[in-house]
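**Student:** 3D model of this:
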Amino acid sequence: MFNYFKNRRRRRAIQESLSEEQSKFIQKNFDFYAKLSLNQQQRLRDLICILLLEKKFIACGGLKMTDEVKLTIAAFACFLHLGFPHDHLYPYLHSIYVYPHAYRTKVRRLVAGNFVLEGEEVRLGESWHKAFVVLAWDQIKMEVQSIHEGHNVVLHEFAHQLDQESGQMNGTPDLEESARFAVWGRVLSPLFLHLRDEVRKHHPTLVDRYGSTNEAEFFAVLTETFFGKPRQLKKTYPEAYRLLQEFYGQDPILYC
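**Tutor:** Below is the predicted model:
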């Protein structure tokens, strides 16, 4: 019964569709849109309608929440789902908090001797235990103008959301079939260790150095590279490219 009402609400939202003005925000701030097929564009608009219906956008730090803010974030978030054969769109996600700029958050770390170190960090985005995503709008605006540089905070944080759907944020999303987990580990684990080694040696890297932090950050950063620098990724790490191509059901080289 719950699914019946949910699907009915979704159908109504899709039928109402996006206004011409709302569509202009997507075309302006989502560079990939013009490169998509007509069917892909329609599916993306449908997914955006669903996300706007089911997730709360909450303005923080003095930000004025506008259609442009919501639609820009929704476009990139739904883009990750574009090649999926289902519409269970971030089922655990509840709210998206948006600050006007980088924000400060309190952190607690366990250090040597079981001491807890408390402090603050300046962040551009984060993903909280499936239910929340936090983003900085000025960072988003800057990155939509340079999407092909391989950095996008929305793709990064929503990749974390996909990662957590497996039950924990460990760099391995829900792959659905058990056989795919072995291939995932065989291909990406050595690549992660290679990145850590290159960072320790202070060598330049295709995948952003932040990906060497842990496996979860590696998956999120690799996702940014996959969509932002697909040709370079395919040339340098062809197996990793094919793996992400299979997972996301997309070939970003077609959007270049």
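**Student:** strands along the protein, start to end?
**Tutor:** In the chain, the strands defined using DSSP state E lie at 56-59, 95-99, 103-111, 115-123, 125-128, 132-136.
**Student:** ranking those strands by mean pLDDT, which is last?
**Tutor:** Mean pLDDT values for the strands of the chain show the minimum at strand 115-123, a mean of 51.
**Student:** which of the helices and strands in this structure ranks last by mean pLDDT?
**Tutor:** The weakest-scoring helix or strand in the chain, judged by mean pLDDT, DSSP states H and E, is strand 115-123 (a mean of 51).
**Student:** can you list the domain ranges for this structure.
**Tutor:** What automatic domain parsing lists as the domains of the chain is 1-145, 166-256.
**Student:** let me see the contact set for residue 93.
**Tutor:** The contact partners of residue 93, taken as CB atoms under 8 Å, 6 or more residues apart in numbering, are 55, 130, 131, 132, 133, 161. Where C-beta positions appear, they are placed from N, C-alpha and C, glycine not excepted.
**Student:** mind putting those residues in TSV, distance to residue 249 included?
**Tutor:** Shown next, in TSV, are the contacts of residue 93 (distance: CB to CB, whole Å):
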residue	distance to residue 249
55	22
130	22
131	26
132	26
133	22
161	17
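**Student:** quick check: the farthest pair among those?
**Tutor:** Between any two of those, the greatest separation by CB to CB is 12.2 Å, found for 55 and 130.
**Student:** before we move on, the earlier item: in ChimeraX, how would I select just the buried ones from the contacts of residue 93?
**Tutor:** Remark: buried members of those, expressed as a ChimeraX selection using 16 or more other CB atoms under 10 Å:
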select :55,130,132,133,161
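**Student:** closest to residue 95 among the contacts of residue 93?
**Tutor:** Residue 95 lies nearest to residue 132 out of these, by CB to CB, at 5.4 Å.
**Student:** distance of the closest residue in space to the closest one that isn't next to it in sequence from residue 43?
**Tutor:** Spatially, and ignoring its direct neighbours in sequence, residue 132 is nearest to residue 95 (5.4 Å; CB to CB, 6 or more residues apart in numbering). Separation of residue 95 from residue 43 (CB to CB, to the nearest Å) stands at 24 Å.
**Student:** also residue 22?
**Tutor:** Residue 22 is 16 Å from residue 43, where distance means CB to CB.
**Student:** for residue 253, same thing?
**Tutor:** Applying CB to CB, the value for residue 253 to residue 43 is 19 Å.
**Student:** between the two, which one's more packed in?
**Tutor:** Neighbour count, other CB atoms under 10 Å: between residue 253 and residue 43, residue 43 has more, with 18 against 12.
**Student:** thought that one was touching residue 85?
**Tutor:** No. Checked against CB atoms under 8 Å, the pair residue 43 and residue 85 is beyond contact range at 11.1 Å.
**Student:** burial count for residue 176?
**Tutor:** Neighbours of residue 176 using other CB under 10 Å come to 10.
**Student:** residue numbering should commence at 457 henceforth.
**Tutor:** I'll keep to 457 as the first residue from here, and by that count the last item is residue 632.
**Student:** do you know the pLDDT at it?
**Tutor:** pLDDT, residue 632: 80.
**Student:** over to residue 666?
**Tutor:** As predicted, residue 666 sits at a pLDDT of 95.
**Student:** my guess is it meets residue 672, correct?
**Tutor:** No. The pair residue 666 and residue 672 does not pass the contact test of CB under 8 Å, sitting 11.1 Å apart.
**Student:** of these two, who's got more company?
**Tutor:** Neighbours were counted for residue 666 and for residue 672 using other CB under 10 Å; residue 672 has more, 19 against 16.
**Student:** how far away is the closest residue to that one other than its chain neighbours from residue 510?
**Tutor:** Sequence neighbours aside, residue 625 is the residue nearest to residue 672 in space, at 4.5 Å (criterion: CB to CB, 6+ apart). Residue 625 sits 21 Å away from residue 510, going by CB to CB.
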